[in-house]
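[1] Kindly generate the corresponding structure for this input.
(chains A and B)
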Amino acid sequence: MAKGIKLQFIPHSQLSVMSPYKRVKFLLDNVAEDKIIILQGTLSHEEKKDLIEETMKKIKGSRGFRGIEIETLNPKIVDMGLMMRLRKSIADFLVGDREVLTLIGPATIIKEVKKDLKKLELFLKLK
Amino acid sequence: MVIRIITNFFKRIFNNIFSVQRELKLGFYGPPNSGKTTLANRICKDWIGEEIGKASRIPHETREVNVKEEVVIDYKGKRMTFKIVDTPGIATKIDYENFLRYGLSKKEAKKRAEEATRGVIESIKWLDDMDVVVVVLDATENPYTQVNITIIGNLLARKIPVIIVANKIDLKKANVKAIEAAFPEYEVVGLSARYGKNIEEFYETLFNTIKKVKRRRR
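    Next comes the predicted model:
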């Protein structure tokens, strides 16, 4: 029987209460279970760096896991002027950026993520 | 009071001379197959006559950090000693099956994949230790990837001066403007590490960037 593809939406509120380490671990554990995560918000550069590092450790430690695909979409930023962008960065710093969507999925399932300014297109490998 | 002013004055002069003479750690970062080793080799060949590592068309050829000490660059009267640090390419995925396409056996491909994962971790660990970083991007590829953004974002957070190299301008598909548009706040040098095209502009930019390191230390 063909296996289905599992998409999981994670609201900002669920991750915001976790420590950066737990956040990275939580995301990676879910992706390693062949889930495609759609995250409300984004990770910091430091967290993304940790995510890459932990991903490498996981590839080394497991037979089937080959890594992740990660992409973000920030639809609002396209139409913003400089002042609006600055205001938005301050607001994001204070309350977290909830307009951005981050997609993280297993490299064994996601063949390609095509991105333009207003959309993300996901091409999957059918097993 | 006067003694303190005189002492501070000499201390400052001493520190400036010391910071100019010290070896600067110059790191080469970027995704796999962007030409980091080719560029680091060209620089090492130009100034010390030997290469730092082996470059190849197979991704993840560099799987451990290679270091060349005491590389003295003497460009248009400006002189500086560097410790050149060539790092393995940073990636979010490594699949041994991709290496089979390049004629590697399954055993070799698996070994390469395992070494490559270690290499990525090592690259990341060295990030904190750099004075200046050259981010080498393949100008024929889309620059706006999460790997590139993560590398540059982390360097920015650490206040490490960055030079972005748009490599492979000898290829028809190369688009330096796309890299400049993706990272407008950075100095982008378009060059061909393979043929040495525009390497002069790289040295010029390198010495301009070093000034930022000195300012950072004061």
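
[2] contacts and neighbour counts: CA atoms only from here.
    OK.

[3] in chain A, which helix or strand is least confident?
    Every helix and strand of chain A was ranked by mean pLDDT, DSSP states H and E. The lowest is helix A:82-95, at a mean of 56.

[4] I misspoke; the intended subject was chain B.
    Lowest on mean pLDDT, DSSP H and E among the helices and strands of chain B sits helix B:2-21, with a mean of 55.

[5] Run through the neighbouring helices and strands of the following helix or strand past that helix.
    Toward the C-terminus, helix B:2-21 is succeeded by strand B:24-29 as the next helix or strand (DSSP states H and E). Strand B:24-29 sits against helix B:36-48, strand B:78-86, strand B:132-138, with contacts defined as 3 or more CA pairs under 8 Å, 6 or more residues apart in numbering or on different chains; DSSP states H and E.

[6] and stretch A:107-124 with chain B, contact?
    Yes - Stretch A:107-124 lies within reach of chain B by CA under 8 Å from any CA of the partner chain, at A:Ala107.

[7] thinking again about what came up before, do you know which of the helices and strands packed on strand B:24-29 lies nearest chain A?
    strand B:132-138 (15.4 Å; CA to the nearest CA).

[8] Give me the contact status of that closest one with chain A.
    No - residues of strand B:132-138 are not located near chain A by CA under 8 Å from any CA, the shortest gap being 15.4 Å.

[9] how about the closest residue to chain A within chain B, what does it touch?
    Chain A sits closest to B:Lys93 of chain B, with a gap of 3.9 Å, by CA to the nearest CA. Going by CA atoms under 8 Å, 6 or more residues apart in numbering or on different chains, B:Lys93 touches A:Thr55, A:Met56, A:Arg66, A:Gly67, A:Ile68, A:Glu69, A:Ala107.

[10] So which of those are in helices?
    Taking DSSP state H as the definition of helices, the contacts of B:Lys93 contribute A:Thr55, A:Met56.

[11] With respect to B:Tyr29, which of the contacts of B:Lys93 is nearest?
    A:Met56 (17.0 Å; CA to CA).

[12] so what's that closest one closest to, chain neighbours aside?
    Excluding the flanking residues, the one nearest A:Met56 by CA to CA, 6 or more residues apart in numbering or on different chains is B:Thr117, at 5.0 Å.
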